[in-house]
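Peer 1: For reference, the sequence and a predicted model appear below.
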Amino acid sequence: MKPSSLIPLLAALLSLNLTPITSALAQVSPKSLESLVIQEGGRKKPYLVFTEETLRSLSGKTALNLDGQKQDAMTLITGLWMSPENPWKAKQLILVSNLPLRKHLGLDPARKLYSWNELTSNEALAKEITAAAETRRRDPRAKLVGLQKEASDVGMRMGLFESLLKGDDFKIIMPLSGSDWLTSAQLDPTEGKEIIDSVNSMSSSWTQHDPSRFDQAAISLLGLQKQVGGLPSNWKISLEVAYQKAHPFRWAWILYAAAGIVLLLSRNSWEPRGYQLAWVLAGSGFLLQAAGLLSRVLIAGRPPVTNMYESVIWVAFGTILFALIFETIYRAGSFLLGAVPVAVASLILADSQPMILDHSIHPLTPVLRDNFWLSTHVLSITLSYAAFALSLGVAHVALAQVIAGRKPTAILYTYLYKTLQVGVLLLTTGTILGGVWANYSWGRFWDWDPKETWALTALLGYLFLLHGRISGLWGGFGLAVGSVIAFMSVLMAWYGVNFVLGAGLHSYGFGTGGFPLVATFVGCEVAFVLLSFWRKSANP
Amino acid sequence: MIAERQRRSLLWRLIHLLGSLKLALVLLATISVAIATATFTEAHFDAAVARALIYKAPWFIAWLGVLCINLFAVTLTRWPWQKKHTGFIITHYGIILLLLGAVIGSKLGFEGNVTLRTDGQPQRKIVTDRSCIQVESPSDSYLYLMPLDTRFLHTSVVSPKYLPVPGTALRIGIEAASEHLSPQPHLASASGKAGGRGVLLDFSSGMMKQTLHVGLSTGEGSPGTYDFFGRAALALASNAAALPPHNPEEKKPWLDLIPSSDGKSLEYRLGRGASVTSSGNLHEEDLLPLGWADWRLHVSQIAKNSAVVTTPAPDESGAESGVPGFRAFLSNQAGEKSTPLWVASGEVAPLVLGKEMVRIGYGLELRPIPFSIALVDFQVPRDEGTETPSDFRAVVRFKNTKTDTEKEGLIRMNHPASYPGGLLANMTGFNYKFSQAEWNPRDLKETTLQVLYDPGWLPKWIGSLAICFGIATMFYIRPRE
């Protein structure tokens, strides 16, 4: 495993929270509410998912330390709903993530969470939010940048806090007409009496710390919600609750990491047995990840490749998939060894950066609502990224051997070539399918859109690498170095176009969107390549 | 054998040179670097600059031509072909075919858009994305179109860009360009009833970062009143009786102006409803705070016997609004020049030199289509409980203007409607394809459709299939030798 992927791994191991969170603030547990259906963000979801997504939007986390106690999202958000009269406005709940903004506003730079009272009394913040609103008013399509964007994000969180306190976001009842669900406060007092009574009973038992009465009222509310109807099917809600709790992708990377460690450590007579064990570990991780992805597909009703978070998970999955296919054919070990660091690093990244890689399932923009094109074009493109990620991993195995002063075997370079072939075929197919899709949705086949252009740049880069190898201009070592460098163009097509070019050239200057992380990765890779060059010239 | 034929034949030597792997590597490297640079150019400036410098630049197109030659020559170098060359040849010819399709598409086809309204007229013209100048030649009254984009015009008063007026010895000189032209009022001397007392006023606000030029005249055919953003009313009249009455119920502020008899000053009255808040006299260059937020009035001109004329001019207030255009004059062989005029996009301006008059216009090129299209219905379904669109559904009616036959089509996201449609037209691209492009959230009776007519579609399609099939064959199908 390369050193650059060890640091996030250790960091994630330390922060990994596998023990259930206990709430001591209220003896009342909101657990009985977890599968209450709530309409938010254009779809219906379980209350558990709603609270975790909401707290993440508000505070950037799914659990907070409040009044000296750790509170999970359900407890905290239910508290806001059930007892809005509590002094919530004085509690540090609202995220101000951007350091330059905190400095600009004269806030304590060491803290990230601020109370409603602190923020509403900050005149500099009010000024920035007004300026952002003015920019938007002049041009509704204007992209906010810099402090204005950050301030506007804080303004949205303040708006969310306000509407939570007012109870406006707890839309739990299907209306008689229309598609906009109602809160209990919006119900007709006579027709909705039972529902209003249940909510009131929940509220009073919550403040009086009466768990049994709360559970009773919650169960009655769930029953009443079913009577009114309009809910997604039972299995869908149960599946989403289970998916939200299980963290399948977290367990998957732990199993992958274990497989990698076993592969690295098993030597000599232990090697065959170690290889078998690694297979079992990686295979179980793979099945777990497949189950997680399948759950997402069933919940969202579409292929799991519609945002950056999903594509990172999917590429990790694809990398292991190709590695296992190649391992089945060649039984080499090096495919798995190359795939494991890539998959583990990607999955840890996806798990640990929820503010950059959004976990939630959102309705898609209309242009993406076509499962045929999503599952042909997007899947083939992302699978090509996965194949190239595997070649990156295999190239690392080869270059690590060079750095260690050993000469990689010719067969290892052949394996590398085979992974590149898979990537080239998939990227070509995917890019062309993209053109055909664009011809239908946007009315043109190719128009040098940055995403199209970078997919082509990456493809041309890999073709350059393969043609140079055929012509004998470089050998296996050059192929390995090229696989590492060409992957940077994949990174540009995948991440850079959306986060660097797309967000405007200035946005990364403020540290949002993971640019420092990616830049560090690129820097490490360049250093790794230079090191291997130096070691190769030292041991020719 | 290869070495043998190269030694014997100059042609073979050339083919092997043009089809060399080294040339392929240089092409792959330069093209990928060029297009990567273009994406940063686009992010830094805009898509049009990236297009002009790289994607649509002659050197880039020529370089793609070299790529085609290289791809073709390399297949010849493998002659005589064997079974193992199948994938290789299909792939390389596939790329040539794809590029050929792109050339056909850009030469014979076009892209554009059309904005339709459910309560509007059927459209018979498509707006393309190509700017051009229209010149009406005085010799045959025919409209000539010449491509011209003010964004990439390198021109100045010292060295104007000249365009010939077809069929005459006249030339149009373009001496300046602007992206922000807006109609600006002037006072022009006029006689008879058209000439009255005229004033030119500038309103400015530091808070709104805006300057507004208003021209008023008592002459017939000129505006005597002005609606100030619907928030206030301006009026000019030769005497108090001729001013519009003020409604005491309405709390809207107003400014009344009456020119003095000597034509050098203005009597003003500022008020709200029925009450007058201030009054006095104004001369040219006087400043008057209006008490409407921080708006101030500056009197820039007072004149007798004048009418208000509006002509396009660059907006000096620094606002990023307005339309593009240029300043042009007419010149003849003797070197005489007409008075230069600003020509704004979407407008026609007459250039007059002595007895000669040439009318020119500027704007996006309009392409006629052999049928009409009308919007029957437009719906924007939303995601549940939100205002976010989940789809766009436009029902359109095509009408063949020759045969009067009608056909309806439904345009949804990812599902264009096409005309004439049918399998053959769709396959070959001799077909007008209408896809959803833009909508107006404030007016749901309107939608903008992207229009594509692409006769290069079939070669593109076959080429694409060939590339994918060829690569798969090359990598994964091994013939038994």
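Peer 2: Right, received. Where do you want to start?
Peer 1: so what's A:Ser152 up against?
Peer 2: A:Glu128, A:Ile129, A:Ala132, A:Ala133, A:Leu144 (CB atoms under 8 Å, 6 or more residues apart in numbering or on different chains). Using the backbone N, CA and C atoms, a C-beta is placed for each residue, glycine as well.
Peer 1: so the second one touches A:Lys149, yeah?
Peer 2: No: distance between A:Ile129 and A:Lys149: 11.0 Å, which falls outside the contact criterion (CB atoms under 8 Å).
Peer 1: could you pull out the helices for chain B?
Peer 2: Assigned helices in chain B, in chain order: B:2-8, B:10-18, B:21-44, B:47-50, B:58-77, B:86-108, B:423-428, B:457-476 (criterion: DSSP state H).
Peer 1: I'd like those helices as a markdown table, with mean pLDDT appended.
Peer 2: Formatted as a markdown table, the helices of chain B follow (pLDDT from 0 to 100):
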| stretch | mean pLDDT |
| --- | --- |
| helix B:2-8 | 78 |
| helix B:10-18 | 91 |
| helix B:21-44 | 93 |
| helix B:47-50 | 82 |
| helix B:58-77 | 95 |
| helix B:86-108 | 95 |
| helix B:423-428 | 86 |
| helix B:457-476 | 95 |
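Peer 1: re the thing from before, of the contacts of A:Ser152, closest to chain B?
Peer 2: Nearest to chain B among these, counting by CB to the nearest CB, is A:Ala133 at 15.1 Å.
Peer 1: What number of residues are in the vicinity of that closest one?
Peer 2: Using other CB atoms under 10 Å in any protein chain shown, the number of residues around A:Ala133 comes to 15.
Peer 1: Next: the one 3 residues further on.
Peer 2: Residue crowding around A:Arg136 was assessed by other CB under 10 Å; the count is 15.
Peer 1: close to chain B, is the host helix or strand of it?
Peer 2: Per DSSP states H and E: A:Arg136 is located in helix A:123-138. No: residues of helix A:123-138 are not located near chain B by CB under 8 Å from any CB of the partner chain, the shortest gap being 9.5 Å.
Peer 1: Sort out which residues of that helix are buried, please.
Peer 2: Residues of helix A:123-138 classed as buried under the neighbour-count rule (16 or more other CB atoms under 10 Å in any protein chain shown) are A:Leu125, A:Glu128, A:Ile129, A:Ala132, A:Thr135.
Peer 1: Contacts only, for A:Leu324.
Peer 2: Taking CB under 8 Å, 6+ apart, one finds A:Ala282, A:Gly283, A:Phe286, A:Phe335, A:Leu336 in contact with A:Leu324.
Peer 1: Quick one: the helices in the stretch 251-400 of chain A, in order.
Peer 2: A:271-300, A:308-330, A:334-352, A:371-373, A:379-403 (DSSP state H, counting those that start in this stretch).
Peer 1: and A:Asn65, which of these is closest to it?
Peer 2: A:Asn65 lies closest, by CB to CB, to one member of these: helix A:334-352, at 18.2 Å.
Peer 1: okay, the angle between the closest one and helix A:308-330?
Peer 2: Relative orientation of helix A:334-352 versus helix A:308-330 (axes from the mean of the first three to the mean of the last three CA atoms, to 10 degrees): 160 degrees.
Peer 1: Pull the number of nearby residues for the residue of the stretch 101-250 of chain B found nearest chain A.
Peer 2: Nearest residue of the stretch 101-250 of chain B to chain A: B:Glu111, at 5.8 Å (CB to the nearest CB). B:Glu111: 21 surrounding residues under other CB under 10 Å.
Peer 1: And the pLDDT for it?
Peer 2: The score at B:Glu111 is 90. That number is its pLDDT.
Peer 1: got a list of what it touches?
Peer 2: B:Glu111 neighbours (CB under 8 Å, 6+ apart): A:Gly443, A:Arg444, B:Thr128, B:Asp129, B:Gln450, B:Val451, B:Leu452, B:Tyr453.
Peer 1: Now which of the residues you listed would you call buried?
Peer 2: When the contacts of B:Glu111 are checked for burial by 16+ other CB under 10 Å, the buried set is A:Gly443, A:Arg444, B:Thr128, B:Gln450, B:Val451, B:Leu452, B:Tyr453.
Peer 1: got a pLDDT number for the last one?
Peer 2: What it means is B:Tyr453. The per-residue pLDDT reported for B:Tyr453 equals 92.
Peer 1: Look up how far B:Arg78 lies from the closest residue to B:Val214 other than its chain neighbours.
Peer 2: Computed as CB to CB, 6 or more residues apart in numbering or on different chains, the closest residue to B:Val214 that is not its neighbour in sequence is B:Leu201, at 4.7 Å. Using CB to CB, to the nearest Å, B:Leu201 is found at 79 Å from B:Arg78.
Peer 1: Neighbour count: these two, which is higher?
Peer 2: Using other CB under 10 Å as the criterion, B:Leu201 and B:Arg78 rank with B:Leu201 on top: 24 against 15.
Peer 1: Identify the bridge partners of the more buried one.
Peer 2: Counting by DSSP bridges, B:Leu201 forms beta bridges with B:Val214, B:Val299.
Peer 1: per-residue pLDDT, it?
Peer 2: 92.
Peer 1: The helix or strand that contains A:Leu80 packs against which elements?
Peer 2: Per DSSP H and E, A:Leu80 falls inside helix A:73-82. Counting by 3 or more CB pairs under 8 Å, 6 or more residues apart in numbering or on different chains; DSSP states H and E, the packing neighbours recorded for helix A:73-82 are helix A:47-59, strand A:63-66, helix A:146-166, helix A:193-207.
Peer 1: Which stretch among the ones you listed is buried most, on average?
Peer 2: Using mean count of other CB atoms under 10 Å in any protein chain shown, the stretch among these with the largest mean neighbour count is helix A:47-59, at a mean of 23.
Peer 1: could you check the angle helix A:271-300 makes with that helix?
Peer 2: Going by the same axes, to 10 degrees, helix A:47-59 makes 90 degrees with helix A:271-300.
Peer 1: returning to what we had before: least confident of the helices of the stretch 251-400 of chain A, on average?
Peer 2: helix A:371-373 (a mean of 90).
Peer 1: got a list of contacts for that helix?
Peer 2: Helix A:371-373 has contacts (CB under 8 Å, 6+ apart) with A:Arg302, A:Pro303, A:Leu433, A:Trp437, A:Tyr440, A:Ser441, B:Asn414.
Peer 1: Noted, bye for now.
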